[in-house]
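> predicted model follows, preceded by the sequence.
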Amino acid sequence: MAEKYQKFRELTGEIFDLDAVVSVLGWDQQTYMPPGGAQVRAMHIATVSRLWHEKLTGDEYSAALEAAREETADLDPDSDEVRVVRYMQREVDKWIKVPSEWVNEFKRVTTLAHQAWEEARAQDDFAHFQPLLEEIVKLRRQYVEYFAPYDHPYDPLLNYFEPGMKTSEVKSVFDELRPRQVELVQEITERGLPVDDAVLHQDFEESKQWDFGVEVIKALGYDFERGRQDKAAHPFTTSFGIGDVRITTRFDPKYLGTALFGTIHEGGHAMYGQGMSPSLDRTNLIDGASYGIHESQSRMMENLVGRSRPFWIAFYPRLQEYFPSQLGELDLETFYRAINKVKPSLIRVEADEATYNLHIMLRFEIEIALAENKISVADLPEVWNSKMQEYLGLTPPNDAKGVLQDVHWSSGYIGYFATYSLGNLMASQFWAKMEEDIPDLTNQIERAQFAEMLSWLRENIHQHGAKFEPMELLQRVTGNTLSVEPYLRYLRAKYEDIYKLA
Ligand code: ZN
(Lines give C-alpha, C1' and ligand atoms only; values in the text may rest on other atoms or scores of the structure.)
Protein backbone atom coordinates (compact mmCIF):
# COMPACT_ATOMS: atom_id res chain seq x y z
CA MET A 1 0.00 0.00 0.00
CA ALA A 2 1.01 3.58 -0.68
CA GLU A 3 3.90 2.48 -2.84
CA LYS A 4 3.06 5.05 -5.48
CA TYR A 5 2.72 7.76 -2.89
CA GLN A 6 6.19 6.82 -1.59
CA LYS A 7 7.68 7.14 -5.08
CA PHE A 8 5.97 10.52 -5.43
CA ARG A 9 7.38 11.64 -2.06
CA GLU A 10 10.90 10.62 -3.10
CA LEU A 11 10.69 12.74 -6.23
CA THR A 12 9.06 15.57 -4.25
CA GLY A 13 12.00 15.36 -1.84
CA GLU A 14 14.47 15.79 -4.69
CA ILE A 15 12.56 18.84 -5.94
CA PHE A 16 12.63 20.23 -2.41
CA ASP A 17 16.39 19.60 -2.19
CA LEU A 18 17.08 21.63 -5.32
CA ASP A 19 14.95 24.46 -3.96
CA ALA A 20 16.76 24.32 -0.61
CA VAL A 21 20.13 24.43 -2.38
CA VAL A 22 19.06 27.67 -4.06
CA SER A 23 18.09 29.01 -0.64
CA VAL A 24 21.51 28.13 0.82
CA LEU A 25 23.19 29.88 -2.10
CA GLY A 26 20.96 32.91 -1.58
CA TRP A 27 21.61 32.99 2.17
CA ASP A 28 25.36 32.90 1.57
CA GLN A 29 25.07 35.61 -1.05
CA GLN A 30 23.36 37.98 1.38
CA THR A 31 25.60 37.24 4.36
CA TYR A 32 29.19 36.23 3.58
CA MET A 33 29.79 36.17 -0.18
CA PRO A 34 32.39 38.75 -1.31
CA PRO A 35 31.12 41.26 -3.91
CA GLY A 36 33.26 39.58 -6.58
CA GLY A 37 31.19 36.40 -6.25
CA ALA A 38 28.00 37.86 -7.70
CA GLN A 39 28.57 37.03 -11.38
CA VAL A 40 29.30 33.33 -10.88
CA ARG A 41 26.73 33.04 -8.06
CA ALA A 42 24.09 34.26 -10.49
CA MET A 43 25.00 31.30 -12.72
CA HIS A 44 24.95 28.80 -9.80
CA ILE A 45 21.49 29.92 -8.77
CA ALA A 46 20.16 30.10 -12.34
CA THR A 47 21.40 26.59 -13.16
CA VAL A 48 20.03 24.90 -10.04
CA SER A 49 16.72 26.77 -10.41
CA ARG A 50 16.39 25.57 -14.00
CA LEU A 51 17.05 21.97 -12.90
CA TRP A 52 14.40 22.41 -10.19
CA HIS A 53 11.91 23.67 -12.74
CA GLU A 54 12.67 20.91 -15.24
CA LYS A 55 12.22 18.25 -12.57
CA LEU A 56 9.00 19.75 -11.24
CA THR A 57 7.39 20.10 -14.66
CA GLY A 58 8.86 16.96 -16.24
CA ASP A 59 6.94 13.88 -17.37
CA GLU A 60 8.36 11.63 -14.65
CA TYR A 61 7.04 13.85 -11.88
CA SER A 62 3.65 14.39 -13.51
CA ALA A 63 3.19 10.63 -13.86
CA ALA A 64 4.21 10.03 -10.22
CA LEU A 65 1.85 12.78 -9.09
CA GLU A 66 -1.05 11.32 -11.04
CA ALA A 67 -0.38 7.82 -9.65
CA ALA A 68 -0.18 9.16 -6.10
CA ARG A 69 -3.41 11.10 -6.59
CA GLU A 70 -5.27 7.96 -7.64
CA GLU A 71 -3.77 5.93 -4.82
CA THR A 72 -4.69 8.47 -2.13
CA ALA A 73 -8.10 9.49 -3.53
CA ASP A 74 -10.08 7.76 -0.76
CA LEU A 75 -8.06 9.08 2.18
CA ASP A 76 -9.23 11.79 4.59
CA PRO A 77 -9.27 15.05 2.59
CA ASP A 78 -7.31 16.71 5.41
CA SER A 79 -4.60 14.03 5.57
CA ASP A 80 -1.01 14.97 4.78
CA GLU A 81 -1.08 12.63 1.78
CA VAL A 82 -4.05 14.25 0.08
CA ARG A 83 -2.84 17.75 0.90
CA VAL A 84 0.73 17.17 -0.30
CA VAL A 85 -0.61 15.78 -3.59
CA ARG A 86 -3.03 18.66 -3.99
CA TYR A 87 -0.39 21.28 -3.21
CA MET A 88 2.14 19.80 -5.59
CA GLN A 89 -0.53 19.57 -8.29
CA ARG A 90 -1.07 23.32 -7.93
CA GLU A 91 2.69 23.89 -8.10
CA VAL A 92 2.94 21.87 -11.30
CA ASP A 93 -0.11 23.56 -12.83
CA LYS A 94 1.45 26.94 -12.11
CA TRP A 95 5.04 26.28 -13.14
CA ILE A 96 4.23 24.26 -16.26
CA LYS A 97 2.97 27.50 -17.79
CA VAL A 98 6.39 29.10 -17.30
CA PRO A 99 9.32 28.06 -19.56
CA SER A 100 12.54 26.83 -17.92
CA GLU A 101 14.44 29.52 -19.83
CA TRP A 102 12.41 32.18 -18.03
CA VAL A 103 13.23 30.65 -14.64
CA ASN A 104 16.90 30.54 -15.55
CA GLU A 105 16.97 34.15 -16.72
CA PHE A 106 14.84 35.47 -13.83
CA LYS A 107 17.13 33.87 -11.25
CA ARG A 108 20.26 35.10 -13.01
CA VAL A 109 19.01 38.68 -13.29
CA THR A 110 17.63 38.88 -9.74
CA THR A 111 20.88 37.56 -8.25
CA LEU A 112 22.84 40.27 -10.07
CA ALA A 113 20.19 42.83 -9.19
CA HIS A 114 20.54 42.15 -5.50
CA GLN A 115 24.18 43.15 -5.66
CA ALA A 116 23.38 46.25 -7.73
CA TRP A 117 20.61 47.25 -5.32
CA GLU A 118 22.94 46.97 -2.30
CA GLU A 119 25.50 49.18 -4.03
CA ALA A 120 22.87 51.64 -5.30
CA ARG A 121 21.37 51.98 -1.84
CA ALA A 122 24.78 52.46 -0.20
CA GLN A 123 25.74 55.13 -2.75
CA ASP A 124 22.26 56.65 -3.10
CA ASP A 125 22.42 56.05 -6.86
CA PHE A 126 19.14 54.83 -8.38
CA ALA A 127 20.64 54.89 -11.91
CA HIS A 128 23.03 52.12 -10.86
CA PHE A 129 20.08 49.82 -10.11
CA GLN A 130 17.73 51.02 -12.86
CA PRO A 131 18.87 48.84 -15.81
CA LEU A 132 18.54 45.60 -13.82
CA LEU A 133 15.21 46.66 -12.35
CA GLU A 134 14.01 47.35 -15.89
CA GLU A 135 14.98 43.78 -16.84
CA ILE A 136 13.13 42.45 -13.79
CA VAL A 137 9.96 44.38 -14.61
CA LYS A 138 10.16 43.15 -18.19
CA LEU A 139 10.54 39.55 -17.00
CA ARG A 140 7.66 39.97 -14.57
CA ARG A 141 5.40 41.36 -17.29
CA GLN A 142 6.31 38.29 -19.36
CA TYR A 143 5.50 36.07 -16.38
CA VAL A 144 2.07 37.69 -16.10
CA GLU A 145 1.33 36.86 -19.75
CA TYR A 146 1.96 33.15 -19.09
CA PHE A 147 -1.16 33.29 -16.89
CA ALA A 148 -3.49 35.01 -19.35
CA PRO A 149 -6.43 35.28 -19.23
CA TYR A 150 -6.53 37.05 -15.85
CA ASP A 151 -8.91 39.56 -14.30
CA HIS A 152 -6.09 41.97 -13.61
CA PRO A 153 -2.42 41.85 -14.71
CA TYR A 154 -1.39 42.17 -11.04
CA ASP A 155 -3.27 38.99 -10.07
CA PRO A 156 -0.56 36.51 -11.13
CA LEU A 157 2.05 38.58 -9.25
CA LEU A 158 -0.05 38.79 -6.10
CA ASN A 159 -0.88 35.07 -6.35
CA TYR A 160 2.80 34.22 -6.30
CA PHE A 161 2.79 35.35 -2.65
CA GLU A 162 -0.86 35.09 -1.63
CA PRO A 163 -2.43 32.10 -3.39
CA GLY A 164 -6.06 32.62 -4.30
CA MET A 165 -6.16 36.34 -3.52
CA LYS A 166 -7.41 38.82 -6.13
CA THR A 167 -6.11 42.34 -6.69
CA SER A 168 -9.71 43.57 -6.40
CA GLU A 169 -10.02 41.93 -2.95
CA VAL A 170 -6.88 43.61 -1.64
CA LYS A 171 -8.09 46.92 -3.08
CA SER A 172 -11.37 46.66 -1.25
CA VAL A 173 -9.65 45.72 2.04
CA PHE A 174 -7.38 48.75 1.64
CA ASP A 175 -10.35 50.99 0.77
CA GLU A 176 -11.96 49.93 4.02
CA LEU A 177 -8.76 50.34 6.01
CA ARG A 178 -7.39 53.60 4.59
CA PRO A 179 -9.90 56.19 5.89
CA ARG A 180 -10.01 54.71 9.39
CA GLN A 181 -6.23 54.38 9.57
CA VAL A 182 -5.75 57.97 8.38
CA GLU A 183 -8.40 59.18 10.85
CA LEU A 184 -6.58 57.48 13.74
CA VAL A 185 -3.22 59.02 12.76
CA GLN A 186 -4.86 62.45 12.52
CA GLU A 187 -6.51 62.09 15.89
CA ILE A 188 -3.20 61.10 17.46
CA THR A 189 -1.20 63.92 15.90
CA GLU A 190 -3.84 66.58 16.61
CA ARG A 191 -5.17 65.59 20.03
CA GLY A 192 -2.74 63.11 21.50
CA LEU A 193 -0.51 63.73 24.48
CA PRO A 194 2.94 64.24 22.87
CA VAL A 195 5.38 61.33 23.02
CA ASP A 196 9.15 61.84 23.07
CA ASP A 197 11.31 59.03 21.67
CA ALA A 198 14.71 60.77 21.89
CA VAL A 199 15.80 58.09 24.38
CA LEU A 200 15.84 55.53 21.58
CA HIS A 201 18.21 57.70 19.55
CA GLN A 202 21.41 57.44 21.57
CA ASP A 203 24.64 55.45 21.18
CA PHE A 204 23.86 51.76 21.64
CA GLU A 205 26.84 49.42 21.36
CA GLU A 206 26.22 46.87 18.60
CA SER A 207 27.44 43.81 20.50
CA LYS A 208 25.05 44.57 23.36
CA GLN A 209 22.18 45.10 20.93
CA TRP A 210 23.03 41.72 19.44
CA ASP A 211 23.12 39.97 22.84
CA PHE A 212 19.85 41.47 24.02
CA GLY A 213 18.07 40.58 20.77
CA VAL A 214 19.30 37.00 21.03
CA GLU A 215 18.16 36.78 24.65
CA VAL A 216 14.69 37.97 23.65
CA ILE A 217 14.13 35.61 20.73
CA LYS A 218 15.50 32.66 22.71
CA ALA A 219 12.95 33.43 25.41
CA LEU A 220 10.18 33.68 22.81
CA GLY A 221 11.08 30.22 21.54
CA TYR A 222 13.51 30.52 18.62
CA ASP A 223 15.71 27.43 18.76
CA PHE A 224 19.40 28.14 18.04
CA GLU A 225 20.09 24.40 17.77
CA ARG A 226 18.03 24.56 14.57
CA GLY A 227 18.94 28.06 13.47
CA ARG A 228 21.44 30.89 13.59
CA GLN A 229 21.58 34.64 13.20
CA ASP A 230 23.88 36.64 10.91
CA LYS A 231 24.02 40.20 9.61
CA ALA A 232 22.54 41.29 6.25
CA ALA A 233 21.78 44.55 4.43
CA HIS A 234 18.05 43.81 4.68
CA PRO A 235 16.87 41.36 7.34
CA PHE A 236 15.31 38.10 6.14
CA THR A 237 14.53 34.56 7.27
CA THR A 238 15.33 31.47 5.23
CA SER A 239 14.54 27.81 5.77
CA PHE A 240 16.38 24.79 4.40
CA GLY A 241 14.11 22.36 6.26
CA ILE A 242 12.70 22.29 9.79
CA GLY A 243 16.14 21.56 11.26
CA ASP A 244 17.76 24.69 9.82
CA VAL A 245 15.79 27.94 9.81
CA ARG A 246 18.07 31.00 9.78
CA ILE A 247 17.53 34.67 10.46
CA THR A 248 19.47 37.84 9.73
CA THR A 249 19.41 41.27 11.29
CA ARG A 250 21.06 44.67 10.95
CA PHE A 251 22.15 47.39 13.36
CA ASP A 252 21.95 51.12 13.73
CA PRO A 253 24.46 52.15 16.44
CA LYS A 254 22.42 55.30 17.07
CA TYR A 255 18.91 53.85 17.16
CA LEU A 256 17.74 50.97 19.31
CA GLY A 257 14.63 50.08 17.30
CA THR A 258 16.25 48.84 14.07
CA ALA A 259 17.89 45.66 15.35
CA LEU A 260 15.54 45.04 18.26
CA PHE A 261 12.26 44.95 16.35
CA GLY A 262 13.90 43.56 13.21
CA THR A 263 15.27 40.62 15.20
CA ILE A 264 11.94 39.93 16.88
CA HIS A 265 10.18 40.16 13.48
CA GLU A 266 12.49 37.61 11.85
CA GLY A 267 12.29 35.47 14.98
CA GLY A 268 8.53 35.30 14.43
CA HIS A 269 9.03 34.07 10.86
CA ALA A 270 11.63 31.56 12.00
CA MET A 271 9.57 30.08 14.82
CA TYR A 272 6.87 29.41 12.23
CA GLY A 273 9.44 27.56 10.10
CA GLN A 274 10.80 25.60 13.07
CA GLY A 275 7.31 24.63 14.21
CA MET A 276 6.24 22.83 11.04
CA SER A 277 5.39 19.15 11.22
CA PRO A 278 8.26 16.70 10.53
CA SER A 279 5.76 14.70 8.46
CA LEU A 280 5.91 17.49 5.85
CA ASP A 281 9.71 17.84 5.76
CA ARG A 282 11.34 17.65 2.33
CA THR A 283 8.13 18.76 0.63
CA ASN A 284 7.21 22.21 -0.67
CA LEU A 285 4.67 22.40 2.16
CA ILE A 286 7.55 23.26 4.51
CA ASP A 287 6.66 26.87 3.84
CA GLY A 288 4.12 29.37 5.08
CA ALA A 289 0.51 28.92 4.00
CA SER A 290 1.18 32.24 2.25
CA TYR A 291 3.41 35.25 2.73
CA GLY A 292 0.46 36.97 4.44
CA ILE A 293 0.23 34.17 7.00
CA HIS A 294 4.01 34.31 7.39
CA GLU A 295 3.85 38.04 8.03
CA SER A 296 1.04 37.48 10.52
CA GLN A 297 3.52 35.46 12.59
CA SER A 298 6.39 37.95 12.33
CA ARG A 299 4.25 41.05 12.80
CA MET A 300 2.52 39.37 15.76
CA MET A 301 5.86 38.82 17.52
CA GLU A 302 7.16 42.26 16.58
CA ASN A 303 4.07 44.25 17.55
CA LEU A 304 1.42 42.41 19.54
CA VAL A 305 4.15 40.87 21.70
CA GLY A 306 7.30 42.98 21.20
CA ARG A 307 5.68 46.41 21.39
CA SER A 308 3.29 45.52 24.22
CA ARG A 309 3.42 46.76 27.81
CA PRO A 310 3.30 43.22 29.34
CA PHE A 311 6.35 42.22 27.29
CA TRP A 312 8.35 45.19 28.56
CA ILE A 313 7.26 44.62 32.13
CA ALA A 314 9.24 41.40 31.70
CA PHE A 315 12.17 42.66 29.63
CA TYR A 316 12.72 46.32 30.43
CA PRO A 317 14.79 45.66 33.59
CA ARG A 318 17.06 43.41 31.50
CA LEU A 319 17.40 46.05 28.79
CA GLN A 320 18.33 48.60 31.45
CA GLU A 321 21.08 46.25 32.64
CA TYR A 322 22.48 46.13 29.09
CA PHE A 323 22.33 49.93 28.73
CA PRO A 324 22.54 51.49 32.21
CA SER A 325 23.89 54.88 31.13
CA GLN A 326 21.29 55.28 28.35
CA LEU A 327 18.18 53.84 30.06
CA GLY A 328 19.07 53.32 33.73
CA GLU A 329 17.16 56.39 34.91
CA LEU A 330 14.27 56.07 32.49
CA ASP A 331 10.98 54.63 33.73
CA LEU A 332 9.14 51.81 31.97
CA GLU A 333 6.12 53.87 30.95
CA THR A 334 8.21 56.51 29.17
CA PHE A 335 10.11 53.76 27.36
CA TYR A 336 6.88 51.97 26.41
CA ARG A 337 5.41 55.18 24.99
CA ALA A 338 8.66 55.93 23.12
CA ILE A 339 8.69 52.59 21.26
CA ASN A 340 5.08 53.22 20.26
CA LYS A 341 5.44 56.80 19.13
CA VAL A 342 3.28 57.54 16.09
CA LYS A 343 5.02 59.72 13.59
CA PRO A 344 4.92 59.62 9.80
CA SER A 345 8.39 58.45 8.79
CA LEU A 346 10.40 57.57 5.71
CA ILE A 347 11.38 53.95 6.35
CA ARG A 348 8.75 51.22 6.25
CA VAL A 349 10.49 48.71 8.50
CA GLU A 350 10.85 51.35 11.21
CA ALA A 351 7.28 52.66 10.91
CA ASP A 352 4.94 52.61 13.89
CA GLU A 353 1.83 50.45 13.78
CA ALA A 354 -0.54 53.34 13.02
CA THR A 355 1.27 54.51 9.86
CA TYR A 356 2.74 51.18 8.70
CA ASN A 357 -0.08 50.23 6.36
CA LEU A 358 0.18 53.58 4.59
CA HIS A 359 3.70 52.59 3.52
CA ILE A 360 2.24 49.40 2.10
CA MET A 361 -0.62 51.08 0.26
CA LEU A 362 1.69 53.39 -1.65
CA ARG A 363 3.89 50.44 -2.70
CA PHE A 364 0.80 48.47 -3.73
CA GLU A 365 -0.38 51.32 -5.94
CA ILE A 366 3.05 51.70 -7.53
CA GLU A 367 3.28 47.98 -8.27
CA ILE A 368 -0.18 47.97 -9.84
CA ALA A 369 0.82 50.91 -12.04
CA LEU A 370 3.96 48.96 -13.07
CA ALA A 371 1.88 45.86 -13.85
CA GLU A 372 -0.59 47.95 -15.86
CA ASN A 373 2.34 49.46 -17.75
CA LYS A 374 1.22 52.94 -16.72
CA ILE A 375 4.59 53.95 -15.32
CA SER A 376 8.15 52.98 -16.22
CA VAL A 377 11.07 52.13 -13.96
CA ALA A 378 12.65 55.51 -14.74
CA ASP A 379 9.57 57.22 -13.23
CA LEU A 380 9.86 55.35 -9.93
CA PRO A 381 11.85 57.85 -7.81
CA GLU A 382 9.48 60.67 -8.72
CA VAL A 383 6.31 58.61 -8.31
CA TRP A 384 7.61 57.32 -4.99
CA ASN A 385 8.31 60.79 -3.65
CA SER A 386 4.96 62.19 -4.67
CA LYS A 387 3.11 59.27 -3.07
CA MET A 388 5.15 59.67 0.11
CA GLN A 389 3.98 63.28 0.19
CA GLU A 390 0.39 62.25 -0.42
CA TYR A 391 0.28 59.44 2.15
CA LEU A 392 2.71 60.52 4.85
CA GLY A 393 3.32 64.22 4.19
CA LEU A 394 7.05 63.66 3.73
CA THR A 395 9.52 63.90 0.87
CA PRO A 396 12.58 61.64 1.15
CA PRO A 397 15.86 63.61 1.15
CA ASN A 398 17.36 61.00 -1.21
CA ASP A 399 16.49 57.75 -3.00
CA ALA A 400 18.35 55.61 -0.44
CA LYS A 401 15.72 56.67 2.10
CA GLY A 402 13.03 56.52 -0.60
CA VAL A 403 12.55 54.16 -3.51
CA LEU A 404 15.76 52.21 -2.82
CA GLN A 405 15.00 51.32 0.81
CA ASP A 406 13.44 47.87 0.26
CA VAL A 407 15.17 44.74 -1.00
CA HIS A 408 12.03 43.20 -2.56
CA TRP A 409 12.10 44.44 -6.14
CA SER A 410 15.74 43.44 -6.56
CA SER A 411 14.67 39.88 -5.74
CA GLY A 412 11.88 40.11 -8.30
CA TYR A 413 9.35 40.24 -5.45
CA ILE A 414 6.77 42.44 -7.14
CA GLY A 415 3.46 41.55 -5.49
CA TYR A 416 4.81 40.95 -1.98
CA PHE A 417 4.10 44.16 -0.09
CA ALA A 418 0.34 43.71 0.36
CA THR A 419 1.07 40.58 2.39
CA TYR A 420 2.45 42.71 5.23
CA SER A 421 -0.89 44.45 5.66
CA LEU A 422 -2.81 41.20 5.30
CA GLY A 423 -0.43 39.83 7.92
CA ASN A 424 -1.24 42.72 10.27
CA LEU A 425 -4.95 41.99 9.94
CA MET A 426 -4.61 38.24 10.41
CA ALA A 427 -2.19 38.67 13.34
CA SER A 428 -4.94 40.51 15.22
CA GLN A 429 -7.53 37.88 14.26
CA PHE A 430 -5.29 35.04 15.47
CA TRP A 431 -4.40 36.98 18.60
CA ALA A 432 -8.04 37.56 19.54
CA LYS A 433 -8.64 33.81 19.31
CA MET A 434 -5.50 33.01 21.29
CA GLU A 435 -6.59 35.39 24.07
CA GLU A 436 -9.88 33.52 24.24
CA ASP A 437 -8.10 30.18 24.48
CA ILE A 438 -5.43 31.36 26.95
CA PRO A 439 -7.20 33.69 29.42
CA ASP A 440 -3.97 34.09 31.40
CA LEU A 441 -1.92 35.18 28.37
CA THR A 442 -1.12 38.72 29.54
CA ASN A 443 0.12 37.52 32.90
CA GLN A 444 2.27 34.89 31.25
CA ILE A 445 3.89 37.50 29.00
CA GLU A 446 4.56 39.78 31.98
CA ARG A 447 6.49 36.87 33.51
CA ALA A 448 8.36 36.14 30.23
CA GLN A 449 6.57 32.81 29.98
CA PHE A 450 5.94 32.06 26.32
CA ALA A 451 5.63 28.27 26.28
CA GLU A 452 1.83 28.19 26.17
CA MET A 453 1.69 30.91 23.53
CA LEU A 454 4.19 29.05 21.34
CA SER A 455 2.40 25.74 21.69
CA TRP A 456 -0.90 27.40 20.75
CA LEU A 457 0.77 28.82 17.62
CA ARG A 458 2.37 25.45 16.81
CA GLU A 459 -0.84 23.55 17.31
CA ASN A 460 -3.08 25.92 15.35
CA ILE A 461 -0.79 27.43 12.72
CA HIS A 462 2.87 26.42 12.55
CA GLN A 463 2.61 22.64 12.30
CA HIS A 464 0.46 22.85 9.17
CA GLY A 465 3.02 24.66 7.01
CA ALA A 466 1.36 25.20 3.64
CA LYS A 467 -1.03 22.27 4.12
CA PHE A 468 -4.07 24.56 4.12
CA GLU A 469 -4.66 27.55 1.86
CA PRO A 470 -4.32 30.85 3.70
CA MET A 471 -8.00 31.77 3.94
CA GLU A 472 -8.88 28.17 4.79
CA LEU A 473 -6.36 28.22 7.66
CA LEU A 474 -7.69 31.56 8.92
CA GLN A 475 -11.22 30.17 8.88
CA ARG A 476 -10.22 26.94 10.63
CA VAL A 477 -8.39 28.77 13.42
CA THR A 478 -10.63 31.79 14.01
CA GLY A 479 -13.96 30.70 12.52
CA ASN A 480 -13.95 33.93 10.51
CA THR A 481 -13.01 35.29 7.11
CA LEU A 482 -10.49 38.09 6.65
CA SER A 483 -11.59 41.17 8.59
CA VAL A 484 -10.20 44.62 9.39
CA GLU A 485 -12.18 44.95 12.64
CA PRO A 486 -10.02 43.06 15.18
CA TYR A 487 -6.97 44.92 13.91
CA LEU A 488 -8.60 48.36 14.09
CA ARG A 489 -10.03 47.56 17.54
CA TYR A 490 -6.58 46.57 18.75
CA LEU A 491 -4.93 49.70 17.33
CA ARG A 492 -7.54 52.06 18.71
CA ALA A 493 -7.42 50.57 22.21
CA LYS A 494 -3.64 50.69 22.24
CA TYR A 495 -3.31 54.28 21.08
CA GLU A 496 -6.22 55.63 23.11
CA ASP A 497 -4.26 54.44 26.12
CA ILE A 498 -0.85 55.71 24.99
CA TYR A 499 -2.07 59.05 23.64
CA LYS A 500 -4.86 59.52 26.20
CA LEU A 501 -7.41 60.03 23.42
CA ALA A 502 -10.55 58.90 25.20
ZN1 ZN B 1 8.61 39.71 7.40
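That came in fine, so what should we check first?

> quick check: what element follows the helix or strand harbouring residue 263 along the chain?
For residue 263, the host element (DSSP states H and E) is helix 257-274. With elements assigned by DSSP H and E, the helix or strand that comes after helix 257-274 is helix 291-299.

> check which helices and strands that following helix sits against.
For helix 291-299, the helices and strands in contact under the criterion 3 or more CB pairs under 8 Å, 6 or more residues apart in numbering; DSSP states H and E are helix 257-274, helix 418-437, helix 470-478. Where C-beta positions appear, they are placed from N, C-alpha and C, glycine not excepted.

> show me what contacts the residue most central in space within the chain?
In the chain, the residue lying closest to the centroid (CA atoms, centre = their mean) is residue 295, at 4.4 Å. Each residue near residue 295 by CB atoms under 8 Å, 6 or more residues apart in numbering is listed here: 419-420, 422-424, 427.

> what about 7 Å?
Going by CB atoms under 7 Å, 6 or more residues apart in numbering, residue 295 touches 419-420, 423.

> distance of it relative to residue 435?
The spacing between residue 295 and residue 435, counted by CB to CB, to the nearest Å, is 20 Å.

> quick one on the thing from earlier: what's the most buried one of the helices and strands packed on helix 291-299?
Greatest average neighbour count among the helices and strands packed on helix 291-299 goes to helix 257-274 (a mean of 25), per mean count of other CB atoms under 10 Å.

> any idea of the mean pLDDT for stretch 346-363?
The average pLDDT within stretch 346-363 is 95.

> test my guess that residue 21 contacts residue 48.
Yes. Using CB atoms under 7 Å, residue 21 is in contact with residue 48, at 5.3 Å.

> who's more crowded, those two?
It is residue 48, of residue 21 and residue 48, that has more neighbours when counted by other CB atoms under 10 Å, with 20 against 17.

> stretch 101-108: how far from the chain's middle?
23 Å (CA atoms, centre = their mean, to the nearest Å).

> please, which helix or strand holds residue 44?
Going by DSSP H and E, residue 44 is in helix 38-57.

> in the next helix or strand after that helix, what's buried?
The C-terminal neighbour of helix 38-57 among helices and strands, as given by DSSP H and E, is helix 59-71. Residues of helix 59-71 classed as buried by neighbour count (16 or more other CB atoms under 10 Å): 61, 64-65, 68-69, 71.

> relative to residue 105, which of those residues is nearest.
Of all these, the one with the least separation from residue 105 (CB to CB) is residue 61, at 22.3 Å.

> from residue 88, how far out is that closest one?
Between residue 61 and residue 88 the distance is 8 Å, computed by CB to CB.

> other SSEs contacting the helix holding residue 263?
If contacts are counted by 3 or more CB pairs under 7 Å, 6 or more residues apart in numbering; DSSP states H and E, helix 257-274 sits against helix 206-220, strand 237-239, strand 245-249, helix 291-299.

> need the next SSE after the last one, C-terminal direction.
Spelled out, that is helix 291-299. Using DSSP H and E, the next helix or strand after helix 291-299 towards the C-terminus is helix 309-322.

> tell me how far that following helix lies from the chain's centre.
In terms of CA atoms, centre = their mean, the centre of helix 309-322 is set 26 Å apart from its chain centre.

> so what touches it?
Here helix 309-322 makes contact (CB under 7 Å, 6+ apart) with 208, 212, 215-216, 305, 327-328, 332, 335-336, 442, 445-448.

> continuing past it, what's the next helix or strand?
helix 324-327.

> remind me what the helix or strand following that next one packs against, helices and strands.
Per DSSP H and E, the first helix or strand lying C-terminal to helix 324-327 is helix 332-338. Using 3+ CB pairs under 7 Å, 6+ apart, the elements in contact with helix 332-338 are helix 309-322.

> average pLDDT for the helix ranked longest in the chain?
If you go by DSSP state H, the chain has its longest helix at helix 3-31. The average pLDDT for helix 3-31 rounds to 97.

> check which residues of that helix are buried.
Residues of helix 3-31 classed as buried by neighbour count (16+ other CB under 10 Å): 4-5, 7-9, 11-12, 14-23, 25-27, 29-31.

> ditto for stretch 162-169
By neighbour count on 16+ other CB under 10 Å, the buried set for stretch 162-169 is 162-163, 165-167, 169.

> specify which member of these is nearest to residue 53.
Taking CB to CB as the measure, residue 53 lies nearest residue 163 of these, at 18.4 Å.

> mind listing what the closest one touches?
Residue 163 makes contact with 290, 469-470, according to CB under 7 Å, 6+ apart.

> that's all I had, so thanks and see you.
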